[in-house]
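*Asks:* below is the sequence, then the predicted model.
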Amino acid sequence: MNTKYIFVTGGVVSGLGKGITAASLGRLLKNRGYKVTIQKFDPYINVDPGTMNPYEHGEVFVTDDGAETDLDLGHYERFIDENLTKNSSITMGKIYQSVIEKERRGDYLGKTVQVIPHITNEIKEKIYGFEDTDTDIVITEVGGTVGDIEGVSIIEAIRQVGLEKNKEDVVYIHVTLLPYIFGSNEIKSKPTQHSVKELQSLGIKPDILVCRTEQDIPDNIREKLSLFCNVRKSSVIQNKTADCLYAVPLMLEEEGLAREVCNHLHLEKYIPGNTKWEEMITHIRNIDQNNIVTIGLVGKYVKLEDSYISVIESLYHAGFANNVKVKVKLIDSEKITRENVKEQLKEFDGIVIPGGFGDRGIDGMIETIKYVRENNIPFLGICLGMQMAVVEFARDVLGIEDADSEEFNKETKNQIIHIMEEQKKVHKKGGTMRLGAYPCVIKEGTLAKKLYGATEISERHRHRFEYNNDYRERLEKAGLKVSGTSPDGLLVEMVEIPEHPYFIGGQFHPELKSRPNRPAPLFVGLVEAAKNRK
């Protein structure tokens, strides 16, 4: 079978759910027996989101191979349950960087370098990069909305793909908005018509329209869209807001999205195999909505929920596993003080402190950790959260008043968290930043072993500073046990307090591998402990 290509574009406004649409379609095609991968093209000039403030673009999602990517890759992985790679996250910054490097090397033999063909060829090279693999179908989401000046070269490149490949090997899906005007009680199709017209002016005729709407689309609107947008009526797909994010694939299945894609691409495996996904959704919907566990997420980027989207989704996954509804509330760590910490945290059954960079809000995190440690409140520290748990323990239990992280205080004599020379020998992904998947060996008889049910695991990292082994013996003797390390024992990966109902921290980001049908063990344990505390 030839490799099939599906392109998902967006129109009218951003935030319509192109990523969820692409991810849902990926799940439906995978359930038909196809090997599916998804990639995202982002039009911005940053090489990757790694240096962006989370308020700019949400969380940075990290793949096994160490790529810092757009948060949509998290949705892709959670829906299709496949580990993606750096090839699934392309920015215009990467494209321009690659083209300029080739020009400097003389690869273009002195020719004038232009958007067409050089930039567009570079984009197509990334799209065609899966052809020598076992991938059957490549779904490519184009970031932004049609008409954005940054994305024009991406649209041009995917137009060329439609010319270069067989007609039955390429399908274009346009995700658009059908606003409902409450004054006249009407769904309006004009924004969609204009968006499709814009796309057509760039040389692409959409085959399928996925229309975000809060109301059912009347038959006359479907006919109007079919007529004015030049798509079949059966290819006008309604996408309403679902009661559960993971129910979207089944909703789109019922609407006929996968059917239309199969028809366009002449796919032989037509019959869906959605039984397991349907069972999962039935289980989620049958959870008692009054059986609630409330988890406080204490962080520094709480004004934008997308900054912690994988952590929040992982808590929901853990709720599915524990048959409880998880309510997540974001708390600004800058607003927590020694005087108000009890009042700030009184409503929570468990606490998560996630990753982050910089010293803003650190004091509030440390006050939070001290409170939950002393009051037996279930706690999970992720990356920075783990590091601050070690610093707090050193300060309060060992009495090292100036204990700190080198990241925040280069002058302190007691850098409990630091950059060590040995890191340069073991960091395989450049610089002093640990990025991507690293192995972890778990000690027998620990909470970590009980949660993972294994002594060797792999988790994804994104950090620069490490636990300082010079303090390891003193910290362990005082009760903060090391339960996971790198295989050579050099890098501390997990710490826990055995006497506490649930107090554990990981140097890695377990949320990056959590799936609705395969939740991350550290989150499952947190929600279970929180449930038992109620």
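*Replies:* Received it, and whenever you're ready, just let me know what you need.

*Asks:* how about the strands in the stretch 51-200 of the chain?
*Replies:* Counting by DSSP state E, counting those that start in this stretch, the stretch 51-200 of the chain has strands at residues 61-62, 68-69, 89-91, 137-142, 170-177, 180-181, 186-187.

*Asks:* the longest one packs against which elements?
*Replies:* Secondary structure elements in contact with strand 170-177, counted by 3 or more C-beta pairs under 8 Å, 6 or more residues apart in numbering; DSSP states H and E, are strand 4-10, helix 18-30, helix 152-164, helix 190-201, strand 208-213, helix 257-265. All C-beta atoms are positioned from the backbone trio N, CA, C, and that covers glycine.

*Asks:* who touches that strand?
*Replies:* 4-13, 16-18, 21, 25, 146, 158, 161-162, 191-192, 195-196, 199, 204-213, 239, 261, 264-265 (C-beta atoms under 8 Å, 6 or more residues apart in numbering).

*Asks:* ok so, going back, between the helices and strands packed on strand 170-177, which one is closest to residue 460.
*Replies:* Of all the helices and strands packed on strand 170-177, helix 18-30 sits nearest to residue 460, with 18.9 Å by C-beta to C-beta.

*Asks:* what packs against the closest one?
*Replies:* strand 4-10, strand 36-42, helix 72-80, strand 137-142, strand 170-177, helix 248-255, helix 257-265.

*Asks:* my guess is residue 436 contacts residue 62, does it?
*Replies:* Yes. Residue 436 sits in contact with residue 62 when judged by C-beta atoms under 8 Å, with a separation of 6.4 Å.

*Asks:* need the overlap of contacts for these two.
*Replies:* The contact lists of residue 436 and residue 62 share 460, 461, where a contact means C-beta under 8 Å, 6+ apart.

*Asks:* and residue 204, how far from residue 197?
*Replies:* 11 Å (C-beta to C-beta, to the nearest Å).

*Asks:* repeat that for residue 269.
*Replies:* 35 Å.

*Asks:* same question for residue 152.
*Replies:* Taking C-beta to C-beta, one finds residue 152 at 16 Å from residue 197.

*Asks:* still on that earlier bit, format the helices and strands packed on strand 170-177 as CSV; extra columns: mean neighbour count.
*Replies:* Shown next, in CSV, are the helices and strands packed on strand 170-177 (neighbours: other C-beta atoms under 10 Å):
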stretch, mean neighbour count
strand 4-10, 25
helix 18-30, 25
helix 152-164, 19
helix 190-201, 18
strand 208-213, 23
helix 257-265, 22
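
*Asks:* just tell me which of those ends up closest to residue 453.
*Replies:* With C-beta to C-beta, the closest approach to residue 453 among the helices and strands packed on strand 170-177 belongs to helix 18-30: 26.3 Å.

*Asks:* so which residues of the stretch 301-450 of the chain form helices?
*Replies:* 309-322, 341-345, 362-374, 384-396, 423-426, 447-452 (DSSP state H, counting those that start in this stretch).

*Asks:* which one of these lies nearest to residue 484?
*Replies:* Relative to residue 484, the nearest member of these by C-beta to C-beta is helix 447-452, separated by 5.3 Å.

*Asks:* show me what counts as buried in that closest one.
*Replies:* Of the residues in helix 447-452, 447, 448, 449, 451, 452 count as buried by neighbour count, 16 or more other C-beta atoms under 10 Å.

*Asks:* and which of those residues is nearest residue 114?
*Replies:* residue 452 (52.6 Å).

*Asks:* how close does the closest one get to residue 192?
*Replies:* Taken as C-beta to C-beta, the span from residue 452 to residue 192 is 48 Å.

*Asks:* where in the protein is the helix or strand with the lowest mean pLDDT?
*Replies:* Here the helix or strand of the chain ranked lowest by mean pLDDT, DSSP states H and E is helix 423-426, holding a mean of 52.

*Asks:* pLDDT below threshold where in the stretch 351-500 of the chain?
*Replies:* Scanning the stretch 351-500 of the chain for pLDDT under 70 picks out 421-432.

*Asks:* what ranges do the strands span in it?
*Replies:* For the stretch 351-500 of the chain, the strands defined by DSSP E, counting those that start in this stretch cover 379-382, 404-405, 415-418, 434-442, 456-463, 466-467, 481-485, 492-496.

*Asks:* and those, which is most packed in?
*Replies:* strand 379-382 (a mean of 30; mean count of other C-beta atoms under 10 Å).

*Asks:* just checking, what packs against that strand?
*Replies:* Applying 3+ C-beta pairs under 8 Å, 6+ apart, one finds that strand 379-382 contacts strand 350-353, helix 362-374, helix 384-396, strand 503-506, helix 521-533.

*Asks:* buried set for the second one?
*Replies:* Counting neighbours by 16+ other C-beta under 10 Å, one finds that the buried residues in helix 362-374 are 362, 363, 364, 365, 366, 367, 368, 369, 370, 371, 372, 373.

*Asks:* need the contact list for the second one.
*Replies:* With contacts defined as C-beta under 8 Å, 6+ apart, the neighbours of residue 363 are 336, 337.

*Asks:* related to what we said a few turns ago, nearest to residue 353, of the strands of the stretch 51-200 of the chain?
*Replies:* Of those, nearest to residue 353 by C-beta to C-beta is strand 61-62, at 18.3 Å.

*Asks:* if you average pLDDT over that closest one, what comes out?
*Replies:* Averaged across strand 61-62, pLDDT comes to 96.

*Asks:* one more: stretch 183-193?
*Replies:* Mean pLDDT, computed over stretch 183-193, is 90.

*Asks:* ok now it, how far from the chain's centre?
*Replies:* 33 Å (C-alpha atoms, centre = their mean, to the nearest Å).

*Asks:* distance of residue 478 from residue 280?
*Replies:* Residue 478 is 43 Å from residue 280, by C-beta to C-beta.

*Asks:* of the two, who's got more company?
*Replies:* residue 280 (18 against 15; other C-beta atoms under 10 Å).

*Asks:* wait, that one sits on residue 516?
*Replies:* Yes. Between residue 280 and residue 516 there is a contact at 6.5 Å, judged by C-beta under 8 Å.

*Asks:* residues shared between the contacts of the two?
*Replies:* The contact sets of residue 280 and residue 516 overlap at 246, 320 (C-beta under 8 Å, 6+ apart).

*Asks:* residues in contact with the residue sitting nearest the centre point of the chain?
*Replies:* In the chain, the residue lying closest to the centroid (C-alpha atoms, centre = their mean) is residue 74, at 2.5 Å. For residue 74, the contact set (C-beta under 8 Å, 6+ apart) comprises 59, 61, 309, 310, 313, 512.

*Asks:* need those residues in JSON lines (columns: neighbour count).
*Replies:* Listed next are those as JSON lines, based on neighbours: other C-beta under 10 Å:
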{"residue": "59", "neighbour count": "26"}
{"residue": "61", "neighbour count": "26"}
{"residue": "309", "neighbour count": "20"}
{"residue": "310", "neighbour count": "27"}
{"residue": "313", "neighbour count": "23"}
{"residue": "512", "neighbour count": "27"}
